[in-house]
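1. next input, structure requested:
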Amino acid sequence: MQQHRAGQTYSSGMSEFLSWQTKWKKVIDAIERDVAEFNLSVDEFTVSRFGCVLKSSDEIFLGVQVVSKNGPTETAVVQIAPNTREIQFDGTISKPGVPRRDFFTINHDGRIVLKEHVVGQPQPSNEPMTPEQFSSLILATLFGNRRRIA
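-> Residues are numbered from 1 along each chain as shown. Predicted coordinates:
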């Protein structure tokens, strides 16, 4: 009986892990898609995934970094803590001002919600966001007035 419960707990934990991993991948995909779309008009940014963890045959990336090709002074780094589903966003800027740091969580429905705004502008809304809306939020400072993404 005890072995059966342990097996159920493992299955339940693995199911939840795979569920949030799929939602996290949608966030990374949205960021990569927005940067690729922006680069069609001005090839200015590179995107790289980091923190690869292998789970069975799947690669799970724990973060994504967007860097300006004009120098590493303008970056957006988004990473996730796998055990808490907490997302940390750090944005640096080359012009005078305050860099950004915010913490978010991924809800069970796949929407991203602000957990804590630490520093920087603009302050994110408390409204739940889709991965696409989250991508637009974190890339807005990098893209600036060059072009707005939908």
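2. enumerate every residue touching the nearest residue to residue 27 once chain neighbours are set aside.
-> The shortest distance from residue 27 to any non-neighbouring residue, by C-beta to C-beta, 6 or more residues apart in numbering, is to residue 131 (4.5 Å). Every residue, glycine included, has its C-beta placed from N, CA and C. Neighbour list for residue 131: 23, 26-27, 29-30, 110, 112 [criterion: C-beta atoms under 8 Å, 6 or more residues apart in numbering].
3. return the closest of the residues you listed with respect to residue 65.
-> residue 27 (13.4 Å; C-beta to C-beta).
4. that closest one against residue 133, yeah?
-> No: Residue 27 is beyond contact range of residue 133, at 10.5 Å (criterion: C-beta atoms under 8 Å).
5. what's the overlap in contacts for the two?
-> Shared contacts of residue 27 and residue 133, defined by C-beta under 8 Å, 6+ apart, are found at residue 112.
6. neighbour-wise, which of those two wins?
-> residue 27 (24 against 15; other C-beta atoms under 10 Å).
7. quick one, phi/psi of residue 30?
-> Dihedral pair for residue 30: phi -60, psi -40, per degrees, to the nearest 10.
8. that one and residue 120, how far apart?
-> Distance of residue 30 to residue 120, computed by C-beta to C-beta, to the nearest Å: 21 Å.
9. now, the contacts of residue 131 that are in helices?
-> Taking DSSP state H, the ones among those that sit in helices are 23, 26-27, 29-30.
10. of the residues you listed - the most surrounded one?
-> That'd be residue 27 among those, by other C-beta under 10 Å, with 24 neighbours.
11. pLDDT score for that residue?
-> You'll see residue 27 listed with a pLDDT of 92.
12. same check, this time on residue 58
-> Residue 58 is given a pLDDT of 63.
13. quick one: the helices in the chain, in order.
-> Secondary structure of the chain by DSSP H: the helices cover 2-39, 131-143.
14. out of these, which gets the lowest mean score?
-> helix 2-39 (a mean of 72).
15. got a list of what the residue nearest the centre of the chain touches?
-> In the chain, the centroid-proximal residue (C-alpha atoms, centre = their mean) is residue 78; its distance is 4.4 Å. Residues near residue 78 by C-beta under 8 Å, 6+ apart: 27-28, 31, 63-65, 87-89, 138.
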